[in-house]
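> Sequence plus predicted model, see below.
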Amino acid sequence: MYGDLRLEDIEELSTMPVMLKGVQVNDHFRFFKGDAPACQLEAGHQKGGDYFCWGCPMYAKRGNDIAYVFGRKSMDLQDRIHKLNLSSYMRTCLKNHKANVLDKISKDEIRSELSLRGIKFLMDDLKPALLAKLVEEMAGIHRLPALLHFKPNATLRECFLERYEVLEVEPLHAIKGHIYNMYEDIPGRLPEDEKKKMSRAVKVSFKKEARTGADYRRSLIDVCVLLRNKIDPDFYNLLLQIIEIQEIIYLNEVHRTNAKVFRYLNQSFLHLVAMEELMPQPKKLTTRKTHGQYLHSLTGHGPMRYRIMSLPSINAEDEERIFHPLKKVAVTCTNHHPENVLMNLFVRYQIRAKFTEEVSYKENKEHDVYVSENKGLLPPFKLSLVPFDLIESKPHTLQAHLERVADFLLFENVWRETKKGILFDDKSEELFKRKELHHFRKYTLREERLYLEDCWQKLVNIFPERIPAFVIIDEDGNRTLLSNLTRPNPHLHDNVPLTSTPAKNRPSAEHEEEIDMVIEHSVINGTTNEASTFESCRLAVDDMQIQGASSVKDETKELPDAVCKCCGKEICIDESMQGPSTSENLTDASADDQSEERPQTSEHPIKIQDIQTENDKATAVYFARKESKTCQALSTVFPNLENEISEYEKMKTKFDKDKATYGDAMKNLAAKWEIRVVVLLDDVKKKFKAFDEQAAKKFTPDMKHDYDRLRNQLKILTVLKRRFSK
């Protein structure tokens, strides 16, 4: 509605800077806020239905599946436009300003759309079955965003909307609707005497018939005070979780901290888990209602949005309050002619706003004071505890949550193991003092999502010992066992292919640069009585298998031998010898064979040489130092700078040995690399944006390779920039 006029205002706002106290301020159009119907219209989404969420492609009937809900990637406006512009049929619908691109679509067009999007179907499938697959793919997308409805060929950048987002959560409606659902459904699950107590407490907690979001907020406090130690503790804790969540989402920006963000993420997850256990099947309401839009908005999108902005700024509470007086004015103070109604409404509202501004502020202040005073009558909030039952039985659900808090898990001492489960220290502000608190001026939700994906990959590949789980599962369903918890791992006997990852063998944070080094300067040779420091584990290599020795020292027991599959020679671990650099024979031999052996051993940093021992000739195998992660990344994005990369690696080696001597030289070299990375990063960003604009107009399957290549370069360069800056 009025999309063309709004675009003109946005262009004027974006191109005409404002001077404030001598400082030039450039405005950017960032957010649209409103209730669900308004946001659905703004985003070009369907109203309600099975795909009610305009922020992610969630199917409503799977709203109680936590792993599924958390796994839905958020969609911004560019994602929606990209889906609509994939086919010529839909582009034609957009040019004709069709309200729903799937309305009256033919069977042949449906087949064409499914083929273009890589969705499998049978040629003898009926139209309803084919249409259902296309509806699932579109996930509620009906048309272009409202601002582009009359400019279907324009890009977001051309309209100054490249960072424009339609907010997925409106806390006022979400918390009000969810509390109402709890009041309706919980009493039916309680014994008769407890049911009467709760119904009576809910009734006396409201002081008027017209109930606002603030009234429900106060009501929940009163209900929990009245029902303390009087109903089932599980359901009581369920209500307490809502109290803490609503307390966080009503905090101002000055009180938004990393600890609060972490706490909100944990409590929303535990609240979903508790609802899944206590309310698997609805008593009075439907599953669609209890696990629908309000809960999804509050626990799915609310914590992610809270990462970059304060949620009270999203509330449409003040806007909601004007509806009643405007309706009253329209009925009693106008002649019902459109030209008279609008002018009368605006004049009277402006006068009323000036008169009631102080009164409205006073009412809000009274609500805040009431909540803070009565919160002391409630039991104190405890640290977030994830029980072992959940960790053991639902690894997918747990991992879905851990991926959302991956950046917090990178810090040490964030969690600890107890008898009941994993306890997160999500109340300590000291733990996250060094962590940057993200803000919407710098981050969009898409950028925050990519940031979390990078943090999770860093956890899996570098710091798996900081993941509080028994197993992690990749996208292909492969499981990797973890040994971070002292409790016996229940997945050890699963009939699923597993990859053992002993956390104790992982390097510490200070050795992050050389994380790919498997074992440095370790030699496998002859027999020895010295104990190996390796845990007992199986090391699989291309042409051999080595059984590592136990960490227990035994003077009378020899280390277990292994046999090389290629030549049949016996090999075993001997830590008494140093790497090839300390033996002239090994050094010369490895230097001669380096060029020949590298193609076969590039994936596994292992070299094999024959050596003469006192007893017999045996085969020595040592693990060579592998190139660091940083050097690998530099080689990927700077393939023509091999000499400079080699110089950096040598300096890094010297710096690790003597930081005092080589500290300044290392800083200067890192500064040079930072400049190179920043220059290339800017260039790749420009190419990526240009590619996005081109893809928005016309996207072909052949362009996917270029898109993936640019995206990978962008991620690598971003990580390198942070590393060299640090």
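Everything's here; your move. Numbering: from 1, shown residues only.

> Look up the pLDDT of residue 220 for me, please.
Residue 220 is assigned 92 on the pLDDT scale.

> Pull the number of nearby residues for it.
23 (other CB atoms under 10 Å). Just so you know, the C-beta spots here come from the backbone N, C-alpha and C atoms, and that holds for glycine as well.

> Same question for residue 262.
27.

> got the contact list for it?
Residue 262 makes contacts with 405, 408, 424, 426, 432, as judged by CB atoms under 8 Å, 6 or more residues apart in numbering.

> Which ones among the residues you listed map onto helices?
Applying DSSP state H to these, the entries found in helices are residue 408.

> Adding distance to residue 52 and neighbour count as columns, could you present the contacts of residue 262 in a markdown table?
As requested, the contacts of residue 262 are exported to a markdown table (distance: CB to CB, whole Å; neighbours: other CB atoms under 10 Å):
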| residue | distance to residue 52 | neighbour count |
| --- | --- | --- |
| 405 | 26 | 22 |
| 408 | 30 | 24 |
| 424 | 31 | 23 |
| 426 | 30 | 23 |
| 432 | 34 | 19 |
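
> how about the lengthiest helix in the chain: buried residues?
Counting residues, the longest helix found in the chain (DSSP H) is helix 659-697. For helix 659-697, burial by neighbour count (16 or more other CB atoms under 10 Å) applies to 662, 666, 669-670, 673-674, 676-677, 680-681, 684, 688, 691-692, 695-696.

> circling back to that earlier point, same list, the contacts of residue 262, but as CSV with distance to residue 60 and pLDDT please.
Output for the contacts of residue 262, formatted as CSV (distance: CB to CB, whole Å; pLDDT from 0 to 100):
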residue, distance to residue 60, pLDDT
405, 26, 96
408, 30, 95
424, 30, 96
426, 30, 91
432, 35, 89
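
> Make TSV from the contacts of residue 262 and add distance to residue 194 to it.
Output for those, formatted as TSV (distance: CB to CB, whole Å):
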residue	distance to residue 194
405	35
408	37
424	31
426	31
432	40
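
> picking up where we left off before, between the buried residues of helix 659-697, which is closest to residue 158?
For the buried residues of helix 659-697, the minimum distance to residue 158 (CB to CB) is 9.9 Å, reached by residue 696.

> which residue is nearest the centroid of this structure?
residue 404 (4.0 Å; CA atoms, centre = their mean).

> re earlier: of the buried residues of helix 659-697, closest to residue 718?
Using CB to CB, the buried residues of helix 659-697 come closest to residue 718 at residue 681, 6.9 Å.

> which residues touch the closest residue to the closest one other than its chain neighbours?
Using CB to CB, 6 or more residues apart in numbering and skipping residues adjacent in sequence, the residue nearest residue 681 is residue 717, 4.2 Å away. Taking CB under 8 Å, 6+ apart as the contact definition, residue 717 lies against 637, 677, 680-681, 684.

> now these as TSV including pLDDT and distance to residue 282?
What follows is the contacts of residue 717, written out as TSV (pLDDT from 0 to 100; distance: CB to CB, whole Å):
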residue	pLDDT	distance to residue 282
637	84	53
677	85	54
680	87	55
681	86	51
684	84	50
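
> Need the max-distance pair from the residues you listed.
677 and 684 (10.2 Å).

> in the protein, which ranges drop under the pLDDT threshold?
Applying pLDDT under 70 to the chain flags the ranges 1, 316-321, 324, 352-368, 491-628, 696-699, 701-702, 726.

> What segments of the stretch 151-300 of the chain are strands?
In the stretch 151-300 of the chain, the strands defined using DSSP state E, counting those that start in this stretch lie at 165-166.

> what sits up against stretch 75-92?
Contacts of stretch 75-92 (CB under 8 Å, 6+ apart): 43-44, 54-57, 94, 101, 105, 109, 112-113, 116-117, 137-139, 141, 143-145, 148, 152, 156, 161, 164-166, 444-446, 692, 695-699.

> repeat that for 7 Å
With contact meaning CB atoms under 7 Å, 6 or more residues apart in numbering, stretch 75-92 is reached by 43-44, 55-57, 94, 101, 109, 112-113, 116-117, 138, 141, 144-145, 156, 164-165, 445-446, 692, 695-696, 699.

> likewise stretch 403-418?
Residues contacting stretch 403-418 (CB under 7 Å, 6+ apart): 70, 262, 265, 402, 422-425, 431-432, 452, 455-456, 458-459, 463, 466-468, 485-486.

> if you set the cut-off to 8 Å instead, what comes out?
By CB under 8 Å, 6+ apart, stretch 403-418 touches 70, 258, 262, 265-266, 269, 303-304, 385, 402, 422-425, 431-432, 435, 451-453, 455-456, 458-459, 463, 466-468, 485-487, 509.

> how long is that stretch from one end to the other?
22 Å (CA to CA, to the nearest Å).

> next one: it to chain centre, how far?
Relative to its chain's centre, stretch 403-418 lies at 14 Å (CA atoms, centre = their mean, to the nearest Å).

> For residue 165, grab the count of nearby residues.
So residue 165, with other CB under 10 Å, has 22 neighbours.

> What's the separation between it and residue 13?
16 Å (CB to CB, to the nearest Å).

> Using the three-state scheme, assign residue 69.
Here residue 69 is helix, with the state taken from DSSP: H, G, I helix; E, B strand; the rest coil.

> Can you give me the neighbour number for it?
22.

> residues in contact with it?
58, 62-63, 272, 296, 300.

> Residue 470 too?
391-392, 395, 481-482, 485, 489-491 are the contacts of residue 470 under CB under 8 Å, 6+ apart.
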